[in-house]
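K.L.:
My questions are about this predicted structure, shown below with the sequence.
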Amino acid sequence: MDYSGVIIEESLTDTGILKQVRIVSTKVESTTEKHKTPWLKQWTLHTVEVPESRAKSLAGVLSRAIDPKHGGAWYADFKNDNTHYIIFLNKVFKVDRKKGNGYAQVKEYGLKLGIPDYQLDFSPEATA
């Protein structure tokens, strides 16, 4: 089962990685104080599809492509009905969505990086 998720273009040191996924849609969002990224005027959010056969390897590649500036406080993620990959700089979490018990650890990790709480709203039921 293929995966779908979001990659923020501005979070990457090398945007060439976007050629390794299928971009389904793109949305440009102006940043606000709430985003905690005052060095950016906008985020470019790409909704992507990842073949199941490439999910694990792509997660590893993405974890090395996340921009380390500003504490590396970014993540990308993609999921299917069973598994959710949440990718931080040099760290990949693979959560079983049926159990959902790994999300607390992911959220704790993201908060330590300085990612706002509202951006770490993972749960097994979340569809977006």
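P.N.:
Yep, that arrived.

K.L.:
Measure how buried N101 is and give me the count.
P.N.:
Burial measure for N101: 10 neighbouring residues, criterion other Cβ atoms under 10 Å. (C-beta placed from N, C-alpha, C; glycine too.)

K.L.:
What score does it have for pLDDT?
P.N.:
What the model reports as pLDDT for N101 is 82.

K.L.:
and what of the one 10 residues further on?
P.N.:
Note for L111: predicted pLDDT of 92.

K.L.:
residues touching E10, list them.
P.N.:
T37, L40, Q42, W43, T44, D67 (Cβ atoms under 8 Å, 6 or more residues apart in numbering).

K.L.:
ok, now how distant is the third one from E49?
P.N.:
Going from Q42 to E49 by Cβ to Cβ, to the nearest Å gives 23 Å.

K.L.:
Okay, and the beta partners of the most centrally placed residue in the chain?
P.N.:
Residue closest to the mean C-alpha point of the chain, counted by Cα atoms, centre = their mean, is A76 at 1.2 Å. For A76, the beta-bridge partners are I87 (DSSP bridges).

K.L.:
per-residue confidence for it?
P.N.:
At A76, pLDDT is 94.

K.L.:
Next up, the contacts around it.
P.N.:
G5, V6, I7, I8, S11, L62, I66, I86, I87.

K.L.:
got JSON lines for the contacts of E10, with neighbour count, secondary structure and pLDDT too?
P.N.:
As requested, the contacts of E10 are exported to JSON lines (neighbours: other Cβ atoms under 10 Å; DSSP: H, G, I helix; E, B strand; the rest coil; pLDDT from 0 to 100):
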{"residue": "T37", "neighbour count": "19", "secondary structure": "coil", "pLDDT": "71"}
{"residue": "L40", "neighbour count": "14", "secondary structure": "coil", "pLDDT": "71"}
{"residue": "Q42", "neighbour count": "13", "secondary structure": "strand", "pLDDT": "83"}
{"residue": "W43", "neighbour count": "17", "secondary structure": "strand", "pLDDT": "84"}
{"residue": "T44", "neighbour count": "16", "secondary structure": "strand", "pLDDT": "92"}
{"residue": "D67", "neighbour count": "16", "secondary structure": "coil", "pLDDT": "91"}
